[in-house]
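K.L.:
got a predicted structure plus its sequence, pasted below:
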Amino acid sequence: MALNPLHIEGTLKTPLVVLSPDGKLEFSGNSYPENCISFYKPVIDWVNLYVKAPAASTEIVFYFRYFNTSTSGIVIEILNQVKALQPSPQIKWMYDKEDEETYFSGQNFAELLELSFEFQER
Amino acid sequence: MEDEGKKRLEENIEVARLIQSALLPEEQLFRSYFSDAFILYLPKDVVSGDFYWMQQYNNKIFVALVDCIGHGVSGAMMSMVGMQILSQVIRDYQYLSTSEILKRLNDQLVSTFEQQGRQQFITCSLDIGLCKIDTYEQLIDFAGAKSNLYCVDAAKKMDIYWGEKYSVGYKIGNSERKFKSHRFYYNAGDVVYLYSDGFPDQLSDEKNNYNKFLHQRLRNLLLENSSLNMEDQRNSLQNAFNEWRGSSEQLDDISILGIRL
């Protein structure tokens, strides 16, 4: 069964999520949902299915502004899922100029999960 | 009936707030150890996942500012666990450098929740800035986990001591947590600041286009105010925060501790 794209519009508290079966996964905006687990459940489920039948290459783009610690857990979960993909996923970590915290968080994720990130200042 | 349940819960959380505040050292206590001090402590909800802590052993004063995962009741429960374990670790390892203390704090937090067998779901991870202040030598030993220390001298020069980029209290894979101690001499009258990320991460309302306050803006503000007396510094931070936040909600617990040495 083919995997459907998943598109969740962004709000002030939740990010824009665009997950496409042809290998592009994007998250952008703020992330501090009232209930982080339930907001991200469809995303985690989608990624679970995706890694079983991935595209030829995978690109993941994170462009967070404010995100809470529960979201960090979700990011780690997603990265753990895609970590073993072959070829390795391309991970782009974008952050606003001067937002050192978001930049450092990206570095921390890259280090923890032993993945290479491409950092891009916006 | 439902209203009554809600009221009982609110009353109970108010008691929790009293318990939490009874465990936090008063501003006055900081003032008795140092020239002057302020604490800006703004829980997002009634109780907070942030706490600050001070303890003297011999001629060393330990000061910590801690931000536990979560906020509200869950954050406050974590802060109780965190405070207890921090106190024990410092009591037992007071002769070690702050980097070694953070390493032991990390191990202790991890094993506390591992013993319950649910480590993969529940972790007591916390961000911490820890200082060991030797007031005779006028020497500070600082280590941080997702927490930095700023020191401003009489000439309004700010030195930044960066903490590690990761928190303590959780592990992923088998990577060993390493922490670095920064040691520096200070002069009487210098001011040091510790803070949790709630203040710099606060989003504005529409008049500032929902932007974060940012660490850089906080540093500028602290620097600008550093020669004011500590109470005025706290008030100025509080005003800057209110103005930035405007009509948007407070997103996280906030604490800033300033100490004039």
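P.N.:
Structure's in. What do you need?

K.L.:
most proximal residue of the stretch 151-261 of chain B with respect to chain A?
P.N.:
residue B:165 (4.4 Å; CB to the nearest CB). Where you see a C-beta, it was placed from the backbone N, CA and C, and this is true even at glycine.

K.L.:
so that residue makes contact with residue A:110?
P.N.:
No - judged on CB atoms under 8 Å, residue B:165 makes no contact with residue A:110 at a distance of 10.1 Å.

K.L.:
circling back to that earlier point, report pLDDT for the residue of the stretch 151-261 of chain B closest to chain A.
P.N.:
Looking at residue B:165, its pLDDT stands at 86.

K.L.:
can you get me a residue count around it?
P.N.:
Neighbour count of residue B:165, defined by other CB atoms under 10 Å in any protein chain shown: 18.

K.L.:
so who does it touch?
P.N.:
By CB atoms under 8 Å, 6 or more residues apart in numbering or on different chains, residue B:165 lies in contact with A:104-105, A:107-108, A:111, B:146.

K.L.:
show the buried residues in those residues.
P.N.:
Among the contacts of residue B:165, those classed as buried by 16 or more other CB atoms under 10 Å in any protein chain shown are A:104-105, A:108, B:146.

K.L.:
okay, and which of those residues map to helices?
P.N.:
Among the buried ones among the contacts of residue B:165, the members found in helices (DSSP state H) are A:104-105, A:108.

K.L.:
pLDDT check: weakest of those?
P.N.:
Among those, residue A:108 has the lowest pLDDT, at 88.

K.L.:
any chance of the buried ones among the contacts of residue B:165 in CSV, plus distance to residue B:16?
P.N.:
Formatted as CSV, the buried ones among the contacts of residue B:165 follow (distance: CB to CB, whole Å):
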residue, distance to residue B:16
A:104, 32
A:105, 30
A:108, 32
B:146, 26
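
K.L.:
for the residues you listed, which one is nearest residue B:47?
P.N.:
Nearest to residue B:47 among the buried ones among the contacts of residue B:165: residue B:146, at 21.4 Å, using CB to CB.

K.L.:
ok, the closest one touching residue B:162?
P.N.:
No - using CB under 8 Å, residue B:146 is not in contact with residue B:162; the gap is 10.2 Å.

K.L.:
ok so, going back, looking at the buried ones among the contacts of residue B:165, spot the one nearest residue B:3.
P.N.:
Using CB to CB, residue B:146 comes nearest to residue B:3 of these, at 40.5 Å.

K.L.:
so what's that closest one up against?
P.N.:
Listed by CB under 8 Å, 6+ apart, the contact set of residue B:146 reads B:67, B:127, B:163-167, B:197.

K.L.:
write out the residues of chain A neighbouring chain B.
P.N.:
Residues of chain A found near chain B (CB under 8 Å from any CB of the partner chain) are A:12, A:30, A:32, A:65-66, A:68-70, A:76, A:96, A:98-101, A:104-105, A:107-108, A:111-114.

K.L.:
quick one: residue B:70 and residue B:95, what's the gap?
P.N.:
Distance, residue B:70 to residue B:95, by CB to CB, to the nearest Å: 33 Å.

K.L.:
so which of these two has more stuff around it?
P.N.:
Taking other CB under 10 Å, residue B:70 and residue B:95 do not tie; residue B:70 has more neighbours (21 against 11).

K.L.:
surely that one forms part of a helix?
P.N.:
No - applying DSSP: H, G, I helix; E, B strand; the rest coil, one finds residue B:70 to be coil, outside a helix.

K.L.:
thought it was touching residue A:69?
P.N.:
Yes - between residue B:70 and residue A:69 there is a contact under CB under 8 Å: 7.2 Å.

K.L.:
how about residue B:213, phi and psi?
P.N.:
When quoted as degrees, to the nearest 10, the phi and psi of residue B:213 stand at phi -70, psi -40.

K.L.:
quickly note the distance from it to residue B:181.
P.N.:
For residue B:213, the distance to residue B:181 - CB to CB - is 29 Å.

K.L.:
and residue B:175, what's its pLDDT?
P.N.:
On the pLDDT scale, residue B:175 is placed at 66.

K.L.:
point out the residues in chain B that sit beside chain A.
P.N.:
So far as CB under 8 Å from any CB goes, chain B lies against chain A at B:69-70, B:125, B:165-166, B:172-173, B:175, B:197, B:200-201, B:203, B:210-212, B:214-216, B:251-252.

K.L.:
just the buried ones from those, in PyMOL syntax?
P.N.:
Buried subset of those, written as a PyMOL selection, criterion 16+ other CB under 10 Å:
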select buried, chain B and resi 69+70+125+165+166+197+200+201+203+211+212+214+215+251+252
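
K.L.:
among the residues of chain B next to chain A, name the ones in helices.
P.N.:
Per DSSP H, the residues of chain B next to chain A map to helices at B:200-201, B:215-216.

K.L.:
most widely separated two among these?
P.N.:
Using CB to CB, these span at most 12.7 Å, a distance reached by B:201 and B:216.

K.L.:
what pairs with the residue most central in space within chain B across the strands?
P.N.:
Geometric centre of chain B, nearest residue: residue B:65, 2.6 Å, by CA atoms, centre = their mean. Note on residue B:65: beta-bridge partners residue B:52, residue B:129, judged by DSSP bridges.
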